[in-house]
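Colleague: Need a 3D model of the following:
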Amino acid sequence: MSETVKPYQESGSKKEQVESMFDNIASGYDELNRFLSLGIDKSWRKKTIARLQPTDLIVLDIATGTADMALTAVKNHETRKITGLDVSAEMLRFGQVKIDEKGLTDRINLVKGESESLPFEDDSFDAAMVAFGVRNFEDLEQGLSEILRVLKPEGKLLVLEFTKPRIFGFKQLFQFYFRFILPKIGRWKSKDPKAYKYLFESVQAFPDFENFTAILQKLGYQKCQYTALTLGVCAIYQAYKP
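Modeller: Numbers count the residues shown, from 1 in each chain. Got it, this is the predicted structure:
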């Protein structure tokens, strides 16, 4: 089980603190992500979405934020419909603007909610995806169990998440950037000085690579695997409901 890391203080609900944090940084979230990742995050999302099959028509995008994953997922598949869920009303508001501008309101529906108590019936989705959001679950195992519940039999889960690089030399260099440089840029560019410090701390506490696939297997997922990207900066996890 991962250590519980919260954005602001040890006491209080992690969900409420995460919600407040993303409400605070929503206005500059997309721009800052592109800047901090040098635009590579777009490639990571595309590689994750490429694992969806043509038969994955009804998809749940958890921690959808400003709907980047949802928008990319419908771009090249004219019959796919996405439900995006997030705890932050402000992130959803900015996401809705992007959806409206692209004329995709009939294909992407945004819902405010939390991963630990998904407002959907059992066996509702062909696939589910979470991009850079499982670290923020109040209860990781409960959230993953809820996703398993709402997936259809043989439905697929795709998770894109930051990891701790293991290649000597690059590991030390990246950790220095992640721990010291990125938070300073985040404080300068965003309205919340603690948000990007929390990013580093939550990645350090997260059970990545085989530790995460072990949790998925324990909860009942099958064919659990991961693929490291960009020298182990992040990974795509893939698993199925029996």
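Colleague: Relative to the centre of the protein, find the outermost residue for me.
Modeller: Centroid-distance maximum for the chain: Gly169 at 27.3 Å, with CA atoms, centre = their mean.
Colleague: And that one, how far from Leu182?
Modeller: Per CB to CB, to the nearest Å, Gly169 is found 19 Å from Leu182. C-beta coordinates here come from the backbone N, C-alpha and C atoms, glycine included.
Colleague: if I pick Thr105, what's in contact with it?
Modeller: Listed by CB atoms under 8 Å, 6 or more residues apart in numbering, the contact set of Thr105 reads Ile99.
Colleague: ditto for Thr163
Modeller: Counting by CB under 8 Å, 6+ apart, Thr163 has contacts Val203, Phe206, Asp208, Phe209, Ala228, Gly232, Val233, Cys234, Ala235.
Colleague: Out of those residues, the closest to Arg107 would be?
Modeller: Nearest to Arg107 among the contacts of Thr163 is Cys234, at 26.9 Å by CB to CB.
Colleague: Skipping adjacent residues, who's closest to the closest one in space?
Modeller: Computed as CB to CB, 6 or more residues apart in numbering, the closest residue to Cys234 that is not its neighbour in sequence is Phe162, at 5.0 Å.
Colleague: I'd guessed that neighbour sits against Gly133; true?
Modeller: No - with contact defined as CB atoms under 8 Å, Phe162 does not reach Gly133; the gap is 10.8 Å.
Colleague: quick one, what contacts the residue nearest to Cys234?
Modeller: Phe162 sits next to Phe132, Arg135, Leu199, Val203, Phe206, Asp208, Val233, Cys234 when contact means CB under 8 Å, 6+ apart.
Colleague: Would you mind writing the PyMOL command to select the buried ones in those residues?
Modeller: Applying 16 or more other CB atoms under 10 Å to those, the buried members can be selected in PyMOL as follows:
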select buried, resi 132+135+199+203+206+208+233+234
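Colleague: Which of the contacts of Phe162 sits closest to Pro7?
Modeller: Nearest to Pro7 out of the contacts of Phe162 is Leu199 (CB to CB; 9.2 Å).
Colleague: Can you give me the distance of the closest one to Asp122?
Modeller: To Asp122, Leu199 is 34 Å away according to CB to CB.
Colleague: re the thing from before, do you know how far the residue farthest from the centre of the chain is from Leu36?
Modeller: With CB to CB as the criterion, Gly169 and Leu36 are 21 Å apart.
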